[in-house]
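Engineer: Give me a 3D structure for the following:
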Amino acid sequence: MKRKRYIPAMLGSALLLFAAGCHVLDVEPKGSYTTGNYWRNQNDALDGITGIYEVLLQEDYTGFNEFVFDNCSDDQVRGGDHDYDQVIEEFTYDASTYSVRVGWRWKYEEISRANNALIYIPNISDIDPEIKNRCLGEAHFLRAYAYWRLMLIYGEVPIIREEHVLSGDYNQPKAGLDTVRQYIEQDLLAAADLLPETYASGDKGRVSKGAAWGLLCKLYMYWEKLDKAIEYGTKVTTNANYALATNYVDNFNAATGNNSEMLFAVQSENGWGYTDFVTYHAPRAWGGWSFFFPVKNLVDEYETGDARKDVSIMKQGDQIDIGTEVVTYDPGLSSTGFHYRKFCRWLSNGGLDYSMKTPLLRSADIYLLVAEAKIRTSGPGAGDAEINAVRKRAGLPDLTGANFAALMHERRMELAGENERHQDLMRWDKVKLVDITTYYNKPKLSYNGTQVAVGGAPRTFIRPKHYYFPIPQQEIDKSKGVLVQNPNY
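Structural biologist: The predicted model follows:
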């Protein structure tokens with residue numbers, strides 16, 4: 001099920017309905033613009049940057065489709081009515097599969113908008129220097145994020161640089177993994193240099209130095225540069241501007257979503273520019289579409305007393321406030337008997353709350369990446385401080401001498417449903433820290449211990465083929481042979 005929302009947005013146009021963390025949403029048409037008569041002043045620069053953030057609202061990007069890739073994991077099964085999501089879960093997709101191909105467009109749209117900002121904003125003179133630097137930093141970060149997602153999903157991908165935009169030469173071959181990583185690194189270092197550490201309330205939701213440092217930490221972990229991951233991750237974990245939220249649930253409530261821990265999130269707002277992320281997660285009986293179901297193995301792994309369980313999971317007997325009434329959750333609402341509660345919110349007068357933010361990068365993730373890097377470089381116990389900071393917030397006792405298995409457990413509980421599990425397992429498998437096949441050759445179970453009827457069968461993960469998805473065939477066709485398919489597809 002898809003509900004397309006056509007938000008009027010040309011590259012850098014002031015017609016955008018979406019504002020990144022701003023409370024005033026500008027919807028008055030301003031005319032027709034091209035790069036020849038746009039990028040004139042500070043307002044143009046601000047609107048142009050807003051246009052980059054707007055891409056994140058798309059259902060075929062972070063509004064929904066990016067999260068489909070975690071159906072590959074052992075944590076959840078697909079719901080909904082998209083038959084093409086089945087092959088993602090079963091590792092039987094190909095280069096023409098809808099879920100494989102649709103996100104490519106929006107990631108490169110984000111890159112295109114960022115490229116234009118980076119080309120034209122430096123030439124604007126009618127602009128406050130601090131705003132100018134901030135806008136450039138945002139563009140660098142958002143371009144890096146798009147390449148980050150492209151790299152995680154497809155591996156080697158084309159890099160479209162500013163000079164390609166100016167020359168109109170967009171048909172570029174794939175760049176090697178290290179080249180893509182270096183390009184992301186370059187953008188994030190530039191972003192970290194240009195962005196402020198924090199924002200006033202009217203601009204909450206824009207990316208900060210902490211977002212750039214955090215994504216650098218993640219990049220270095222996937223690059224196996226553990227010392228660099230610790231260096232940049234520690235810039236987040238030791239900075240009060242990026243402290244963990246007081247309560248875990250604060251990250252998943254509309255009113256408190258833009259807290260110090262939320263380094264990067266999709267800014268959605270009721271009635272204006274909004275994403276259907278909450279719709280895809282909420283039960284159909286209560287206004288949602290039920291596309292993601294946690295499985296029994298995930299739910300059973302929560303420790304007794306872990307406050308994250310009741311925040312994250314809807315389970316039998318839970319009392320759920322859907323605004324107009326309090327209802328009892330029944331396992332029949334899901335093929336597994338569970339929903340992700342953390343992503344479901346309702347308005348007090350009824351209807352889903354679209355002002356809930358979609359978390360893309362949280363400080364807790366970075367705490368645990370720093371802990372992992374320390375354990376892997378210095379041994380068990382080296383990451384205790386970071387792990388225990390996360391556990392304390394969850395109401396759990398401290399660990400002493402936490403090893404890699406403890407780290408794996410903590411990441412699974414803290415980040416459940418946040419599109420990290422499959423990627424974590426793959427990066428650990430690549431360096432032989434785990435055997436991913438032992439996770440994926442087991443059935444996925446429903447609340448009563450039976451195999452989930454749809455999506456619960458054991459899967460076959462093939463190395464190295466399934467480390468990356470195929471390049472969309474339509475993009476290869478359009479390139480007239482410049483783009484080459486990934487191996488084994």
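
Engineer: From here on, just use CA atoms for contacts and neighbour counts.
Structural biologist: OK.

Engineer: following the longest helix anywhere in the chain, which helix or strand comes up?
Structural biologist: Determined from DSSP state H, the single longest helix within the chain is helix 129-154. Downstream of helix 129-154, the first helix or strand assigned by DSSP states H and E is helix 162-167.

Engineer: And for the helix or strand just after that following helix, what's in contact with it?
Structural biologist: As assigned by DSSP H and E, the chain's next helix or strand after helix 162-167 is helix 177-194. If you take Cα atoms under 8 Å, 6 or more residues apart in numbering as the criterion, helix 177-194 is touched by 133-134, 136-141, 143-145, 147-148, 151, 155-157, 159, 208-210, 212-213, 215-216, 219, 223.

Engineer: one step back: which strands or helices does the longest helix of the chain pack on?
Structural biologist: Taking 3 or more Cα pairs under 8 Å, 6 or more residues apart in numbering; DSSP states H and E as contact, the helices and strands that helix 129-154 lies on are helix 42-54, helix 98-120, helix 177-194.

Engineer: could you give the angle of the longest one to helix 42-54?
Structural biologist: Which is helix 98-120. Relative orientation of helix 98-120 versus helix 42-54 (axes from the mean of the first three to the mean of the last three Cα atoms, to 10 degrees): 160 degrees.

Engineer: again, but for the last one
Structural biologist: Direction vectors for helix 177-194 and helix 42-54, defined by the same axes, to 10 degrees, enclose an angle of 140 degrees.

Engineer: From the chain's centroid, how far away is helix 177-194?
Structural biologist: 18 Å (Cα atoms, centre = their mean, to the nearest Å).

Engineer: quick one: it to helix 129-154, angle?
Structural biologist: 160 degrees.

Engineer: Please work out the average pLDDT along stretch 316-328.
Structural biologist: Mean pLDDT, computed over stretch 316-328, is 97.

Engineer: Identify each buried residue in it, please.
Structural biologist: 320, 322-323 (16 or more other Cα atoms under 10 Å).

Engineer: Can you list the buried residues in the helix or strand harbouring Lys228?
Structural biologist: Element membership for Lys228 (DSSP H and E) is helix 226-237. Neighbour-count burial for helix 226-237, counted by 16+ other Cα under 10 Å, picks out 226-230, 232-237.

Engineer: Same check on stretch 273-283?
Structural biologist: Neighbour-count burial for stretch 273-283, counted by 16+ other Cα under 10 Å, picks out 273-283.

Engineer: The residues you listed in helices, which ones?
Structural biologist: Using DSSP H, the buried residues of stretch 273-283 in helices are 277-281.

Engineer: Out of those residues, which is nearest to Leu396?
Structural biologist: His281 (27.3 Å; Cα to Cα).

Engineer: Just the pLDDT for the closest one.
Structural biologist: His281 is given a pLDDT of 98.

Engineer: Now do the contacts for the nearest residue to it once chain neighbours are set aside.
Structural biologist: Of all residues not flanking His281 in the chain, Ser290 sits nearest, at 5.2 Å (Cα to Cα, 6 or more residues apart in numbering). Shown in contact with Ser290 (Cα under 8 Å, 6+ apart): 79-80, 279-284, 334, 339.

Engineer: Looking at those, which two lie furthest apart in space?
Structural biologist: Spatial extent of the contacts of Ser290 (Cα to Cα) is set by the pair Thr279 and Ser334 at 14.6 Å.

Engineer: ok so, going back, put together TSV for the buried residues of stretch 316-328, with distance to Gln485 and secondary structure on each row.
Structural biologist: Rendered in TSV, the data for the buried residues of stretch 316-328 read as follows (distance: Cα to Cα, whole Å; DSSP: H, G, I helix; E, B strand; the rest coil):
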residue	distance to Gln485	secondary structure
Ile320	47	strand
Ile322	47	coil
Gly323	49	coil
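
Engineer: Can you name the helix or strand that the residue nearest to Leu226 when sequence neighbours are not counted falls in?
Structural biologist: Spatial nearest neighbour of Leu226, chain neighbours left out: Ala373 (5.3 Å); criterion: Cα to Cα, 6+ apart. Applying DSSP H and E as the criterion places Ala373 in helix 363-378.

Engineer: where does this protein have low pLDDT?
Structural biologist: Filtered on pLDDT under 70, the chain yields the residue ranges 1-36.

Engineer: re earlier: contacting residues for the residue nearest to Leu226?
Structural biologist: Applying Cα under 8 Å, 6+ apart, the residues contacting Ala373 are 221, 226-227, 229-230, 383.

Engineer: which one is the residue most central in space within the chain nearest to, not counting chain neighbours?
Structural biologist: Geometric centre of the chain, nearest residue: Leu360, 3.5 Å, by Cα atoms, centre = their mean. Distances taken as Cα to Cα, 6+ apart put Ala265 closest to Leu360, at 5.0 Å, once the chain neighbours are dropped.

Engineer: Count the neighbours of that neighbour for me.
Structural biologist: 25 (other Cα atoms under 10 Å).

Engineer: which SS state does it fall under?
Structural biologist: strand (DSSP: H, G, I helix; E, B strand; the rest coil).

Engineer: ok, now Asn419?
Structural biologist: Applying three-state DSSP: Asn419 is coil.

Engineer: from memory it sits against Phe64, does it?
Structural biologist: No - using Cα atoms under 8 Å, Asn419 is not in contact with Phe64, being 10.8 Å away.

Engineer: This structure - how does it break down into domains?
Structural biologist: As assigned by automatic domain parsing, the chain contains the domains 7-68+92-195+459-489, 260-457.

Engineer: can I get those domains in a markdown table with distance to Leu244?
Structural biologist: Below are those laid out as a markdown table (distance: least, Cα to Cα, whole Å):
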| stretch | distance to Leu244 |
| --- | --- |
| domain 7-68+92-195+459-489 | 19 |
| domain 260-457 | 5 |
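
Engineer: For Tyr440, find the nearest of the helices and strands packed on helix 129-154.
Structural biologist: helix 98-120 (19.9 Å).

Engineer: Can you name the residues that contact Tyr147?
Structural biologist: So Tyr147 contacts 107, 111, 180, 184 (Cα under 8 Å, 6+ apart).
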